[in-house]
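*Asks:* please find the sequence and the predicted model below.
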Amino acid sequence: MEMSSEFEWDGVLAAYGEIAIKSDVVRRRFVRKLMSNIATGLKSLGAEFKIRHKWSRIIINTPFVGEALSLVSRIFGVVYASPFKLVSLSELKDFIKSSSPKLLENAESFAVRVRRTGTHPFTSLDLERELGAIVKEETNLKVSLDNPDKTIFVEVRDDECYIFMNKFRGPGGLPLGTAGKVICLISGGIDSPVAAWLMMRRGCSIIPLFAYFPRGGDESDLKRFIEVIKILKKWHIGEEMPVYIYKHEHNLIAFRKIALKYTCILCRRMMYRVANELAKRTGAKAIVTGENLAQVASQTLYNLRVIDQASELPVLRPMIGFNKEESIRLAKKIGTYEASCMRVTSGCTPIKGCWARPPKPVTKAELEEVLELESKLNIDDLLNRSVESIRQLPDSYFKAS
Ligand code: ATP
Ligand code: MG
(Lines give C-alpha, C1' and ligand atoms only; values in the text may rest on other atoms or scores of the structure.)
(Ligands and ions follow the chains in the order given, each with its own letter.)
Protein backbone atom coordinates (compact mmCIF):
# COMPACT_ATOMS: atom_id res chain seq x y z
CA MET A 1 0.00 0.00 0.00
CA GLU A 2 1.56 3.30 -1.09
CA MET A 3 1.81 5.99 1.54
CA SER A 4 4.11 8.94 2.15
CA SER A 5 6.41 6.90 4.32
CA GLU A 6 8.45 9.66 5.91
CA PHE A 7 5.56 11.62 7.23
CA GLU A 8 4.54 10.75 10.76
CA TRP A 9 0.82 10.17 10.97
CA ASP A 10 -1.11 9.86 14.23
CA GLY A 11 -3.05 6.82 13.12
CA VAL A 12 -5.81 5.71 10.79
CA LEU A 13 -9.26 7.16 10.36
CA ALA A 14 -12.00 4.91 8.98
CA ALA A 15 -15.28 6.01 7.41
CA TYR A 16 -18.37 3.87 7.13
CA GLY A 17 -21.20 4.25 4.63
CA GLU A 18 -24.30 2.11 4.68
CA ILE A 19 -24.34 1.90 8.49
CA ALA A 20 -24.92 5.65 8.69
CA ILE A 21 -28.40 5.40 7.11
CA LYS A 22 -29.71 2.88 9.67
CA SER A 23 -32.00 3.88 12.52
CA ASP A 24 -30.32 5.10 15.72
CA VAL A 25 -30.54 1.85 17.64
CA VAL A 26 -29.29 -0.29 14.76
CA ARG A 27 -26.56 2.16 13.88
CA ARG A 28 -25.23 2.16 17.43
CA ARG A 29 -25.15 -1.63 17.49
CA PHE A 30 -23.43 -1.81 14.07
CA VAL A 31 -20.84 0.81 14.96
CA ARG A 32 -20.05 -1.05 18.17
CA LYS A 33 -19.54 -4.28 16.20
CA LEU A 34 -17.48 -2.49 13.57
CA MET A 35 -15.18 -1.13 16.28
CA SER A 36 -14.91 -4.46 18.03
CA ASN A 37 -14.01 -6.18 14.73
CA ILE A 38 -11.29 -3.60 14.10
CA ALA A 39 -10.00 -4.01 17.66
CA THR A 40 -9.91 -7.81 17.31
CA GLY A 41 -7.92 -7.48 14.10
CA LEU A 42 -5.46 -4.99 15.58
CA LYS A 43 -4.95 -7.15 18.66
CA SER A 44 -4.12 -10.13 16.46
CA LEU A 45 -1.41 -8.01 14.82
CA GLY A 46 0.03 -7.33 18.25
CA ALA A 47 -0.23 -3.61 17.53
CA GLU A 48 -0.58 -0.96 20.20
CA PHE A 49 -3.67 1.13 19.52
CA LYS A 50 -6.50 3.25 20.89
CA ILE A 51 -9.81 3.32 19.12
CA ARG A 52 -12.76 5.70 19.43
CA HIS A 53 -15.85 6.80 17.56
CA LYS A 54 -16.23 10.46 16.86
CA TRP A 55 -17.97 12.57 14.24
CA SER A 56 -19.20 9.44 12.42
CA ARG A 57 -15.62 8.30 11.99
CA ILE A 58 -13.63 5.60 13.67
CA ILE A 59 -10.37 7.00 14.84
CA ILE A 60 -7.50 4.66 15.56
CA ASN A 61 -4.40 6.05 17.20
CA THR A 62 -1.43 3.79 16.63
CA PRO A 63 2.24 3.92 15.71
CA PHE A 64 1.67 0.96 13.33
CA VAL A 65 0.00 3.02 10.63
CA GLY A 66 0.85 0.84 7.62
CA GLU A 67 -0.30 -2.36 9.32
CA ALA A 68 -3.45 -0.76 10.69
CA LEU A 69 -4.30 0.65 7.28
CA SER A 70 -3.98 -2.68 5.54
CA LEU A 71 -6.07 -4.35 8.27
CA VAL A 72 -8.81 -1.73 8.22
CA SER A 73 -9.06 -2.07 4.42
CA ARG A 74 -10.24 -5.65 5.01
CA ILE A 75 -12.93 -4.77 7.54
CA PHE A 76 -16.47 -5.06 6.22
CA GLY A 77 -18.41 -1.85 6.78
CA VAL A 78 -15.40 0.39 6.13
CA VAL A 79 -15.82 2.50 3.00
CA TYR A 80 -12.43 4.13 3.12
CA ALA A 81 -9.50 4.52 5.46
CA SER A 82 -6.83 7.21 5.65
CA PRO A 83 -3.75 7.88 7.70
CA PHE A 84 -4.46 11.12 9.59
CA LYS A 85 -2.85 13.85 11.61
CA LEU A 86 -4.79 15.65 14.33
CA VAL A 87 -4.00 19.28 15.18
CA SER A 88 -5.95 22.00 16.95
CA LEU A 89 -7.39 24.91 15.01
CA SER A 90 -4.76 27.28 16.42
CA GLU A 91 -1.97 25.00 15.14
CA LEU A 92 -3.51 24.36 11.72
CA LYS A 93 -1.79 27.06 9.67
CA ASP A 94 1.62 26.36 11.13
CA PHE A 95 1.16 22.69 10.53
CA ILE A 96 0.17 23.21 6.88
CA LYS A 97 3.08 25.56 6.40
CA SER A 98 5.69 23.21 7.80
CA SER A 99 4.29 19.94 6.44
CA SER A 100 3.06 20.76 2.96
CA PRO A 101 6.46 20.26 1.23
CA LYS A 102 6.62 16.74 2.59
CA LEU A 103 2.93 15.96 2.04
CA LEU A 104 3.07 17.15 -1.55
CA GLU A 105 6.37 15.51 -2.49
CA ASN A 106 6.54 14.56 -6.19
CA ALA A 107 3.35 16.43 -7.01
CA GLU A 108 3.16 19.21 -9.57
CA SER A 109 -0.27 20.44 -8.63
CA PHE A 110 -2.41 20.37 -5.53
CA ALA A 111 -5.76 21.24 -4.00
CA VAL A 112 -6.88 21.84 -0.42
CA ARG A 113 -10.35 20.61 0.50
CA VAL A 114 -11.96 21.72 3.74
CA ARG A 115 -15.04 20.34 5.44
CA ARG A 116 -16.22 22.10 8.52
CA THR A 117 -18.76 21.63 11.30
CA GLY A 118 -19.20 23.78 14.38
CA THR A 119 -19.38 27.55 14.78
CA HIS A 120 -16.47 29.44 13.24
CA PRO A 121 -15.99 33.01 12.05
CA PHE A 122 -14.96 31.67 8.59
CA THR A 123 -16.48 29.43 5.92
CA SER A 124 -14.93 26.27 4.47
CA LEU A 125 -14.17 28.17 1.30
CA ASP A 126 -12.40 30.96 3.23
CA LEU A 127 -10.20 28.41 4.91
CA GLU A 128 -9.52 26.55 1.67
CA ARG A 129 -8.31 29.76 0.05
CA GLU A 130 -6.18 30.72 3.03
CA LEU A 131 -4.54 27.33 3.38
CA GLY A 132 -4.12 27.08 -0.40
CA ALA A 133 -2.20 30.37 -0.40
CA ILE A 134 0.07 29.14 2.39
CA VAL A 135 0.82 25.91 0.53
CA LYS A 136 1.50 27.75 -2.73
CA GLU A 137 3.90 30.08 -0.99
CA GLU A 138 5.77 27.19 0.68
CA THR A 139 5.92 24.79 -2.29
CA ASN A 140 5.56 26.85 -5.45
CA LEU A 141 3.17 24.23 -6.80
CA LYS A 142 0.23 24.90 -9.11
CA VAL A 143 -3.27 24.93 -7.68
CA SER A 144 -5.55 22.61 -9.62
CA LEU A 145 -9.07 22.26 -8.34
CA ASP A 146 -10.23 19.97 -11.15
CA ASN A 147 -7.38 17.52 -11.43
CA PRO A 148 -4.77 17.93 -8.71
CA ASP A 149 -1.88 15.43 -8.39
CA LYS A 150 -2.44 15.48 -4.65
CA THR A 151 -5.15 16.78 -2.37
CA ILE A 152 -4.83 17.80 1.25
CA PHE A 153 -8.13 17.10 3.02
CA VAL A 154 -8.85 19.05 6.19
CA GLU A 155 -11.85 18.28 8.36
CA VAL A 156 -12.51 20.90 11.00
CA ARG A 157 -14.79 19.87 13.84
CA ASP A 158 -15.08 22.64 16.42
CA ASP A 159 -11.47 23.01 17.52
CA GLU A 160 -10.13 19.72 16.09
CA CYS A 161 -8.62 19.46 12.63
CA TYR A 162 -8.07 16.12 10.95
CA ILE A 163 -5.67 16.21 8.04
CA PHE A 164 -5.38 13.38 5.56
CA MET A 165 -4.24 12.77 2.00
CA ASN A 166 -5.14 9.42 0.50
CA LYS A 167 -8.38 7.53 0.81
CA PHE A 168 -7.82 3.78 0.65
CA ARG A 169 -10.97 1.92 -0.28
CA GLY A 170 -12.42 -0.61 2.12
CA PRO A 171 -14.89 -3.32 1.11
CA GLY A 172 -17.99 -1.43 2.34
CA GLY A 173 -21.06 -3.44 3.29
CA LEU A 174 -21.96 -4.25 6.90
CA PRO A 175 -19.86 -5.36 9.88
CA LEU A 176 -19.16 -9.08 9.91
CA GLY A 177 -21.32 -10.82 12.48
CA THR A 178 -24.31 -8.47 12.35
CA ALA A 179 -26.40 -10.65 10.00
CA GLY A 180 -26.15 -14.12 11.51
CA LYS A 181 -24.39 -17.30 10.43
CA VAL A 182 -24.52 -19.17 7.12
CA ILE A 183 -23.16 -22.50 5.95
CA CYS A 184 -21.06 -21.97 2.81
CA LEU A 185 -20.54 -24.92 0.51
CA ILE A 186 -17.07 -24.14 -0.74
CA SER A 187 -15.36 -26.22 -3.41
CA GLY A 188 -12.07 -24.44 -3.87
CA GLY A 189 -13.23 -23.49 -7.37
CA ILE A 190 -13.52 -19.85 -8.37
CA ASP A 191 -17.17 -19.09 -7.62
CA SER A 192 -17.96 -20.45 -4.18
CA PRO A 193 -15.24 -18.50 -2.31
CA VAL A 194 -16.53 -15.31 -3.95
CA ALA A 195 -20.09 -16.21 -2.92
CA ALA A 196 -18.89 -16.68 0.68
CA TRP A 197 -17.09 -13.32 0.60
CA LEU A 198 -20.20 -11.55 -0.69
CA MET A 199 -22.20 -12.96 2.23
CA MET A 200 -19.49 -11.80 4.65
CA ARG A 201 -19.81 -8.33 3.14
CA ARG A 202 -23.52 -8.38 3.98
CA GLY A 203 -22.61 -9.01 7.62
CA CYS A 204 -22.77 -12.81 7.74
CA SER A 205 -20.34 -14.90 9.68
CA ILE A 206 -19.53 -17.96 7.55
CA ILE A 207 -19.09 -21.65 8.29
CA PRO A 208 -17.38 -23.35 5.33
CA LEU A 209 -18.26 -26.94 4.49
CA PHE A 210 -16.26 -29.04 2.04
CA ALA A 211 -17.50 -32.25 0.46
CA TYR A 212 -14.54 -34.61 0.28
CA PHE A 213 -14.54 -37.02 -2.65
CA PRO A 214 -11.04 -37.48 -3.97
CA ARG A 215 -10.59 -39.89 -6.84
CA GLY A 216 -7.65 -42.24 -6.62
CA GLY A 217 -6.21 -40.32 -3.67
CA ASP A 218 -5.99 -37.05 -5.59
CA GLU A 219 -6.13 -34.37 -2.89
CA SER A 220 -5.90 -31.36 -5.23
CA ASP A 221 -9.40 -30.10 -4.47
CA LEU A 222 -8.84 -30.31 -0.74
CA LYS A 223 -5.52 -28.48 -1.05
CA ARG A 224 -7.12 -25.72 -3.10
CA PHE A 225 -9.92 -25.52 -0.55
CA ILE A 226 -7.44 -25.10 2.31
CA GLU A 227 -5.56 -22.34 0.46
CA VAL A 228 -8.83 -20.57 -0.31
CA ILE A 229 -9.90 -20.76 3.36
CA LYS A 230 -6.59 -19.20 4.42
CA ILE A 231 -7.45 -16.18 2.29
CA LEU A 232 -11.07 -15.96 3.47
CA LYS A 233 -9.85 -16.07 7.07
CA LYS A 234 -7.89 -12.88 6.44
CA TRP A 235 -11.22 -11.16 5.79
CA HIS A 236 -13.18 -12.97 8.48
CA ILE A 237 -12.23 -10.67 11.34
CA GLY A 238 -14.16 -10.49 14.59
CA GLU A 239 -15.96 -13.85 14.59
CA GLU A 240 -14.91 -17.49 14.81
CA MET A 241 -14.88 -19.34 11.50
CA PRO A 242 -14.98 -23.09 12.14
CA VAL A 243 -14.27 -25.13 8.98
CA TYR A 244 -15.92 -28.49 8.31
CA ILE A 245 -15.41 -31.36 5.91
CA TYR A 246 -17.42 -34.54 5.29
CA LYS A 247 -17.16 -37.71 3.21
CA HIS A 248 -19.13 -37.59 -0.01
CA GLU A 249 -17.52 -40.23 -2.23
CA HIS A 250 -19.84 -43.12 -1.31
CA ASN A 251 -22.79 -40.98 -2.39
CA LEU A 252 -21.38 -40.34 -5.83
CA ILE A 253 -20.54 -43.99 -6.37
CA ALA A 254 -24.11 -44.96 -5.47
CA PHE A 255 -25.65 -42.22 -7.64
CA ARG A 256 -23.56 -43.07 -10.70
CA LYS A 257 -24.54 -46.71 -10.45
CA ILE A 258 -28.30 -46.12 -10.30
CA ALA A 259 -28.82 -42.95 -12.29
CA LEU A 260 -25.70 -41.72 -14.07
CA LYS A 261 -27.27 -38.71 -15.76
CA TYR A 262 -28.90 -37.59 -12.48
CA THR A 263 -25.60 -37.70 -10.58
CA CYS A 264 -25.19 -33.90 -10.36
CA ILE A 265 -28.75 -33.37 -9.14
CA LEU A 266 -28.52 -36.09 -6.50
CA CYS A 267 -25.07 -34.86 -5.48
CA ARG A 268 -26.30 -31.28 -4.93
CA ARG A 269 -29.34 -32.49 -2.98
CA MET A 270 -27.08 -34.53 -0.73
CA MET A 271 -24.72 -31.60 -0.17
CA TYR A 272 -27.69 -29.44 0.86
CA ARG A 273 -28.93 -32.07 3.30
CA VAL A 274 -25.54 -32.35 5.00
CA ALA A 275 -25.30 -28.55 5.08
CA ASN A 276 -28.77 -28.37 6.71
CA GLU A 277 -27.65 -30.83 9.37
CA LEU A 278 -24.54 -28.78 10.10
CA ALA A 279 -26.71 -25.65 10.20
CA LYS A 280 -28.84 -27.21 12.93
CA ARG A 281 -25.74 -27.95 15.00
CA THR A 282 -24.18 -24.53 14.55
CA GLY A 283 -27.21 -22.24 14.50
CA ALA A 284 -26.72 -21.19 10.86
CA LYS A 285 -29.78 -19.77 9.09
CA ALA A 286 -29.08 -20.37 5.39
CA ILE A 287 -26.99 -22.37 2.92
CA VAL A 288 -24.75 -20.50 0.46
CA THR A 289 -23.36 -21.87 -2.82
CA GLY A 290 -21.40 -20.53 -5.79
CA GLU A 291 -24.03 -21.80 -8.20
CA ASN A 292 -24.69 -19.74 -11.24
CA LEU A 293 -27.32 -19.88 -13.93
CA ALA A 294 -26.53 -21.70 -17.15
CA GLN A 295 -22.80 -21.69 -16.58
CA VAL A 296 -22.61 -25.45 -16.86
CA ALA A 297 -25.19 -27.78 -18.41
CA SER A 298 -26.63 -28.85 -15.06
CA GLN A 299 -27.31 -25.31 -13.77
CA THR A 300 -30.77 -24.72 -15.25
CA LEU A 301 -33.89 -23.28 -13.62
CA TYR A 302 -35.50 -26.73 -13.80
CA ASN A 303 -32.59 -28.23 -11.91
CA LEU A 304 -32.38 -25.45 -9.34
CA ARG A 305 -36.01 -26.00 -8.43
CA VAL A 306 -35.43 -29.72 -7.94
CA ILE A 307 -32.29 -29.30 -5.83
CA ASP A 308 -33.83 -26.50 -3.74
CA GLN A 309 -36.54 -28.89 -2.64
CA ALA A 310 -34.00 -30.93 -0.65
CA SER A 311 -33.11 -28.00 1.59
CA GLU A 312 -35.17 -26.90 4.54
CA LEU A 313 -33.22 -23.65 4.88
CA PRO A 314 -33.08 -21.09 2.09
CA VAL A 315 -30.28 -21.68 -0.41
CA LEU A 316 -28.60 -18.38 -1.26
CA ARG A 317 -26.69 -18.03 -4.51
CA PRO A 318 -25.02 -14.64 -4.63
CA MET A 319 -23.28 -15.49 -7.94
CA ILE A 320 -26.50 -16.15 -9.81
CA GLY A 321 -26.33 -13.04 -11.95
CA PHE A 322 -22.58 -12.81 -12.39
CA ASN A 323 -20.80 -13.27 -15.69
CA LYS A 324 -17.71 -15.45 -15.57
CA GLU A 325 -15.32 -12.55 -16.06
CA GLU A 326 -17.02 -10.66 -13.24
CA SER A 327 -16.52 -13.49 -10.77
CA ILE A 328 -12.90 -13.81 -11.89
CA ARG A 329 -12.32 -10.10 -11.42
CA LEU A 330 -13.79 -10.21 -7.92
CA ALA A 331 -11.90 -13.40 -7.03
CA LYS A 332 -8.68 -11.59 -7.97
CA LYS A 333 -9.60 -8.61 -5.83
CA ILE A 334 -10.42 -10.82 -2.85
CA GLY A 335 -7.23 -12.81 -3.38
CA THR A 336 -8.75 -16.28 -3.82
CA TYR A 337 -8.30 -16.52 -7.59
CA GLU A 338 -4.76 -17.83 -7.53
CA ALA A 339 -5.56 -20.46 -4.93
CA SER A 340 -8.64 -21.55 -6.87
CA CYS A 341 -6.59 -22.03 -10.04
CA MET A 342 -3.60 -23.55 -8.31
CA ARG A 343 -2.25 -26.67 -10.01
CA VAL A 344 -1.50 -28.98 -7.19
CA THR A 345 -0.54 -32.40 -8.51
CA SER A 346 1.96 -31.67 -11.24
CA GLY A 347 3.20 -28.58 -12.99
CA CYS A 348 1.32 -29.12 -16.21
CA THR A 349 -1.95 -30.97 -15.70
CA PRO A 350 -4.76 -28.53 -16.17
CA ILE A 351 -7.59 -28.60 -13.64
CA LYS A 352 -10.17 -31.07 -14.84
CA GLY A 353 -13.85 -30.93 -14.04
CA CYS A 354 -15.47 -33.15 -11.44
CA TRP A 355 -14.67 -36.85 -11.98
CA ALA A 356 -18.20 -37.89 -11.13
CA ARG A 357 -19.90 -35.63 -13.67
CA PRO A 358 -21.70 -37.71 -16.31
CA PRO A 359 -21.10 -37.08 -20.02
CA LYS A 360 -24.71 -35.89 -20.41
CA PRO A 361 -26.18 -34.54 -17.16
CA VAL A 362 -29.95 -33.89 -17.18
CA THR A 363 -30.88 -30.32 -17.85
CA LYS A 364 -34.61 -30.65 -17.13
CA ALA A 365 -34.83 -32.71 -13.99
CA GLU A 366 -38.31 -33.80 -12.86
CA LEU A 367 -38.89 -33.78 -9.12
CA GLU A 368 -41.06 -36.93 -9.13
CA GLU A 369 -38.39 -38.85 -10.96
CA VAL A 370 -35.71 -37.67 -8.56
CA LEU A 371 -37.77 -38.60 -5.51
CA GLU A 372 -38.35 -42.02 -7.00
CA LEU A 373 -34.63 -42.53 -7.60
CA GLU A 374 -33.85 -41.47 -4.05
CA SER A 375 -36.36 -43.94 -2.62
CA LYS A 376 -34.49 -46.72 -4.42
CA LEU A 377 -31.18 -45.43 -3.15
CA ASN A 378 -31.80 -45.61 0.56
CA ILE A 379 -30.92 -41.97 0.81
CA ASP A 380 -31.17 -41.83 4.62
CA ASP A 381 -28.39 -44.39 5.03
CA LEU A 382 -26.15 -42.52 2.62
CA LEU A 383 -26.92 -39.27 4.43
CA ASN A 384 -26.23 -40.77 7.85
CA ARG A 385 -22.81 -41.95 6.69
CA SER A 386 -22.01 -38.44 5.50
CA VAL A 387 -23.36 -36.74 8.61
CA GLU A 388 -21.38 -39.07 10.87
CA SER A 389 -18.23 -38.21 8.92
CA ILE A 390 -18.52 -34.43 9.52
CA ARG A 391 -15.27 -33.17 11.09
CA GLN A 392 -14.01 -29.76 12.04
CA LEU A 393 -10.58 -29.10 10.56
CA PRO A 394 -8.06 -27.91 13.15
CA ASP A 395 -6.81 -24.31 12.90
CA SER A 396 -3.29 -25.56 12.28
CA TYR A 397 -4.36 -26.33 8.68
CA PHE A 398 -4.83 -22.68 7.99
CA LYS A 399 -1.69 -21.13 9.46
CA ALA A 400 -0.02 -18.93 6.88
CA SER A 401 2.69 -20.97 5.17
P1 ATP B 1 -17.17 -23.37 -8.03
O2 ATP B 1 -16.40 -22.44 -8.89
O3 ATP B 1 -17.54 -22.80 -6.72
O4 ATP B 1 -16.58 -24.73 -7.92
P5 ATP B 1 -18.75 -24.16 -10.21
O6 ATP B 1 -19.25 -23.06 -11.09
O7 ATP B 1 -17.54 -24.92 -10.61
O8 ATP B 1 -18.57 -23.55 -8.76
P9 ATP B 1 -19.96 -26.65 -9.49
O10 ATP B 1 -18.61 -27.23 -9.44
O11 ATP B 1 -21.02 -27.32 -10.28
O12 ATP B 1 -19.98 -25.16 -10.05
O13 ATP B 1 -20.46 -26.48 -8.01
C14 ATP B 1 -21.59 -25.72 -7.69
C15 ATP B 1 -21.54 -25.36 -6.21
O16 ATP B 1 -21.62 -26.53 -5.39
C17 ATP B 1 -20.23 -24.72 -5.81
O18 ATP B 1 -20.23 -23.34 -6.10
C19 ATP B 1 -20.19 -25.01 -4.34
O20 ATP B 1 -21.01 -24.11 -3.63
C21 ATP B 1 -20.79 -26.40 -4.27
N22 ATP B 1 -19.72 -27.42 -4.31
C23 ATP B 1 -19.21 -28.05 -5.38
N24 ATP B 1 -18.25 -28.93 -5.02
C25 ATP B 1 -18.13 -28.84 -3.69
C26 ATP B 1 -17.31 -29.49 -2.69
N27 ATP B 1 -16.39 -30.39 -3.01
N28 ATP B 1 -17.49 -29.15 -1.39
C29 ATP B 1 -18.41 -28.21 -1.04
N30 ATP B 1 -19.19 -27.58 -1.92
C31 ATP B 1 -19.07 -27.88 -3.22
MG1 MG C 1 -16.48 -26.34 -9.29
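*Replies:* The structure has been received and is ready for your questions. Residues are numbered from 1 along each chain as shown. Ligands and ions are numbered 1, 2, ... in the order given.
*Asks:* partners of the top strand by length along the chain, with directions?
*Replies:* Taking DSSP state E as the criterion, the chain has its longest strand at strand 78-88. Here strand 78-88 has these sheet partners by DSSP bridges: strand 11-16 (antiparallel), strand 160-164 (antiparallel), strand 168-169 (antiparallel).
*Asks:* list the buried residues in that strand.
*Replies:* 78, 79, 80, 81, 82, 83, 84, 85, 86, 87 (16 or more other C-beta atoms under 10 Å). Quick note: C-beta positions are derived from backbone N, CA and C, even for glycine.
*Asks:* in the stretch 1-150 of the chain, what residue lies closest to ligand 1?
*Replies:* Here the residue of the stretch 1-150 of the chain nearest ligand 1 is residue 76; by C-beta to the nearest ligand atom that distance is 20.6 Å.
*Asks:* which residues touch residue 151?
*Replies:* 110, 111, 112, 113, 165 (C-beta atoms under 8 Å, 6 or more residues apart in numbering).
*Asks:* let's see 6 Å
*Replies:* Residues in contact with residue 151 (C-beta atoms under 6 Å, 6 or more residues apart in numbering) are 111, 113.
*Asks:* give me the distance between it and residue 132.
*Replies:* To residue 132, residue 151 is 11 Å away according to C-beta to C-beta, to the nearest Å.
*Asks:* any common contacting residues for those two?
*Replies:* Counting by C-beta under 6 Å, 6+ apart, nothing touches both residue 151 and residue 132.
*Asks:* residues from the stretch 201-350 of the chain in reach of ligand 2?
*Replies:* Residues of the stretch 201-350 of the chain found near ligand 2 (C-beta under 5 Å from the ion): none.
*Asks:* in the stretch 201-350 of the chain, what residue comes closest to ligand 1?
*Replies:* Counting by C-beta to the nearest ligand atom, the stretch 201-350 of the chain gets nearest ligand 1 through residue 290, at 2.6 Å.
*Asks:* count of neighbours near that residue?
*Replies:* By the criterion of other C-beta atoms under 10 Å, residue 290 has 24 neighbours.
*Asks:* quick check: it is in a strand.
*Replies:* No. Assessed with DSSP: H, G, I helix; E, B strand; the rest coil, residue 290 is coil; it does not lie in a strand.
*Asks:* isn't it right up against residue 192?
*Replies:* Yes. Contact status for residue 290 versus residue 192: in contact at 3.2 Å, counting by C-beta atoms under 6 Å.
*Asks:* re the thing from before, quick one: mean pLDDT for the longest strand of the chain?
*Replies:* The average pLDDT for strand 78-88 rounds to 97.
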